[in-house]
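**Q** Dropping a prediction and its sequence here:
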Amino acid sequence: MNTLFSPLKLGSITLNNRIIMAPLTRSRAEENHIPGSLMAEHYAQRASAGLIIAEATMIMENNSAFINEPGIYSQAQVDGWKKVTDAVHKKNGKIFLQIWHGGRATHPSLNNGVQPVAPSAIAIDGQIHTQEGMQDYVVPHELSLDEISGIIDGFKIATENAMQAGFDGVEVHGANGYLLDQFLRDGANKRQDIYGGPIENRARLLFEVLDEVCKVCGSDKVGLRISPLNSFNSMVDSDPVNLTTYLANQLNDYNLAYLHVMRSDFFQQQSGDIVTPARQNYNGVVISNMGYSAEEAGTGIAEDQFDAVAFGVPFLANPDLPERFKANAALNEADPDTFYTPGSKGYTDYPTMK
């Protein structure tokens with residue numbers, strides 16, 4: 001019987017356990033979005049995860065949705081990430097990089113005045129944190145066909161850079177209301193061309209990105225994250241189960257390392273089961289995510305509901321999370337006040353069991 005602690009073949013690599021570290025934006029990059037020694041220490045502390053999926057990382061400049069999140073478009077950033085991957089590999093860990101375009105979730109104040117882009121000119125409701133304080137999201141520029149080709153090329157170059165930086169693979173970020181998700185879901189995509197309308201068109205950009213990314217590093221080094229139910233960043237879809245089913249079936253044409261499914265909505269505005277249709281229709285490894293306890297995760301793996309579970313907040317506060325799960329030990333509580341603040345506090349200072 002498979003358990004949380006069973007090995008798992010994941011594309012080109014084998015994981016020591018099925019406890020995945022979910023991608024978690026922490027805003028600890030240095031100037032010019034360069035990963036530094038603090039980030040290397042943070043990820044190395046968590047190398048006992050079966051797989052670390054490093055945080056959302058900008059594929060191109062002027063695409064910042066946070067403050068001090070990392071990039072992978074400059075040589076200095078590649079060199080910074082190489083320090084991270086070296087530190088993780090030195091501790092026998094495995095690490096993928098989540099490659100990401102924020103789309104309409106970015107803001108001119110964070111990007112040298114550059115207007116955000118999106119499938120359609122529809123703004124996110126609410127405000128974004130900038131260095132000038134909270135500001136309203138702005139109406140994005142609707143991408144032209146030529147501009148979409150540039151986005152695809154950006155993902156390709158980011159993958160080349162990630163491989164140069166020593167990552168074991170990449171995760172394409174198709175979730176949480178960022179650019180690829182904006183194209184996928186009909187609440188944000190109102191286009192009338194080949195990238196809009198029916199689900200086949202809305203998914204076109206995602207699959208064109210996957211085609212190019214897989215050419216760079218091989219499909220067995222590529223994962224995909226989706227969140228058809230999550231309403232974060234003003235997202236909604238009229239039929240998230242059908243969207244999940246369609247994507248899962250189409251992904252069988254690829255030999256991906258995994259499909260990573262966020263099972264629910266941060267804000268509980270949408271409900272439903274998308275893990276089951278993902279499992280039933282996708283022939284590869286399924287990683288589920290959001291709000292699992294060790295017990296629920298282990299039961300789900302044993303019952304073949306999915307193959308592994310990605311843990312987010314528990315990994316923030318527990319660098320030795322797999323060891324704690326195995327020992328049935330108490331978990332440190334995470335401090336939300338330090339999730340996005342600079343420095344080591346709430347980042348590298350959480351104690352291990354020892």
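**A** Perfect, thanks for sending it. Residues are numbered from 1 along each chain as shown.

**Q** Excluding chain neighbours, what is closest to Pro228?
**A** The shortest distance from Pro228 to any non-neighbouring residue, by C-beta to C-beta, 6 or more residues apart in numbering, is to Pro240 (3.7 Å). Backbone N, C-alpha and C define where each C-beta goes, glycine included.

**Q** What of Pro7?
**A** Here the residue nearest Pro7, using C-beta to C-beta, 6+ apart, is Thr14, at 5.6 Å.

**Q** again with Gly291
**A** Ser264 is the one closest to Gly291 (C-beta to C-beta, 6+ apart), at 6.8 Å.

**Q** Could you do Gln77 as well?
**A** Spatial nearest neighbour of Gln77, chain neighbours left out: Gly71 (4.8 Å); criterion: C-beta to C-beta, 6+ apart.

**Q** I figured that neighbour was touching Asn62, is that so?
**A** No: in this structure, Gly71 is not within contact of Asn62 by C-beta atoms under 8 Å, at 10.3 Å.

**Q** roughly how far out does stretch 306-317 sit from the chain middle?
**A** Put simply, stretch 306-317 sits 13 Å off its chain's centre (C-alpha atoms, centre = their mean, to the nearest Å).

**Q** whoops, I mixed them up, stretch 16-27
**A** For stretch 16-27, the distance to the chain centre is 9 Å (C-alpha atoms, centre = their mean).

**Q** returning to what we had before: distance check, the residue nearest to Gln77 against Val78.
**A** Separation of Gly71 from Val78 (C-beta to C-beta, to the nearest Å): 9 Å.

**Q** Between the two, which has more neighbouring residues?
**A** Gly71 (25 against 20; other C-beta atoms under 10 Å).

**Q** Per-residue confidence at the more buried one, what does it come out as?
**A** We have a pLDDT of 98 for Gly71.

**Q** Break down the stretch 101-250 of the chain into its helices, ranges please.
**A** 145-164, 179-184, 199-202, 204-217, 240-251 (DSSP state H, counting those that start in this stretch).

**Q** counting contacts, what elements does the first one pack onto?
**A** So the one you mean is helix 145-164. On a contact count with 3 or more C-beta pairs under 8 Å, 6 or more residues apart in numbering; DSSP states H and E, helix 145-164 meets helix 75-90, strand 95-100, strand 169-174, helix 204-217.

**Q** just to revisit the earlier point, for the residue nearest to Pro7, give me phi and psi.
**A** In terms of degrees, to the nearest 10, the main-chain angles of Thr14 are phi -120, psi 130.

**Q** what's the neighbour count on it?
**A** Residues near Thr14, counting by other C-beta under 10 Å, number 11.

**Q** what's the pLDDT at it?
**A** Listed pLDDT for Thr14 reads 98.

**Q** biggest strand in this structure by residues?
**A** Counting by DSSP state E, the longest strand found in the chain is strand 51-58.

**Q** now that strand, how far from the chain's geometric center?
**A** Centroid separation for strand 51-58 versus its chain: 6 Å, with C-alpha atoms, centre = their mean.

**Q** Export only the CA atoms of it, formatted as CSV.
**A** Only the C-alpha atoms of strand 51-58 are listed here, as CSV (Å, rounded to 0.1, in the frame of the first residue of the first chain):
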residue,chain,number,x,y,z
LEU,A,51,9.9,17.6,-3.8
ILE,A,52,10.2,21.3,-3.2
ILE,A,53,8.2,23.4,-5.7
ALA,A,54,9.9,26.8,-5.4
GLU,A,55,7.8,29.9,-5.4
ALA,A,56,6.1,31.7,-8.3
THR,A,57,9.0,33.2,-10.3
MET,A,58,8.7,35.9,-13.0
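
**Q** Summarise which helices and strands that strand is packed against.
**A** Secondary-structure packing of strand 51-58 (3+ C-beta pairs under 8 Å, 6+ apart): strand 19-21, helix 75-90, strand 95-100.

**Q** For Gly298, give me its contacts.
**A** With contact taken as C-beta atoms under 8 Å, 6 or more residues apart in numbering, Gly298 is in contact with 3-4.

**Q** swap the cut-off to 10 Å and go again
**A** By C-beta atoms under 10 Å, 6 or more residues apart in numbering, the contact list for Gly298 reads 1-5, 18-19, 292, 309, 325.

**Q** Would you list the buried entries among those residues?
**A** 4, 18-19, 292, 309, 325 (16 or more other C-beta atoms under 10 Å).

**Q** quick check, nearest of those to Ala317?
**A** Phe325 (13.5 Å; C-beta to C-beta).

**Q** Grab the nearest non-local neighbour of the closest one.
**A** Closest to Phe325 by C-beta to C-beta, 6+ apart is Ala294, at 4.4 Å.

**Q** What is the burial count for the one you found?
**A** Using other C-beta under 10 Å, the number of residues around Ala294 comes to 19.

**Q** got it, and Gln135?
**A** Gln135: 15 neighbours (other C-beta under 10 Å).

**Q** just Ser149 next, same as before
**A** Ser149 is flanked by 12 other residues according to other C-beta under 10 Å.
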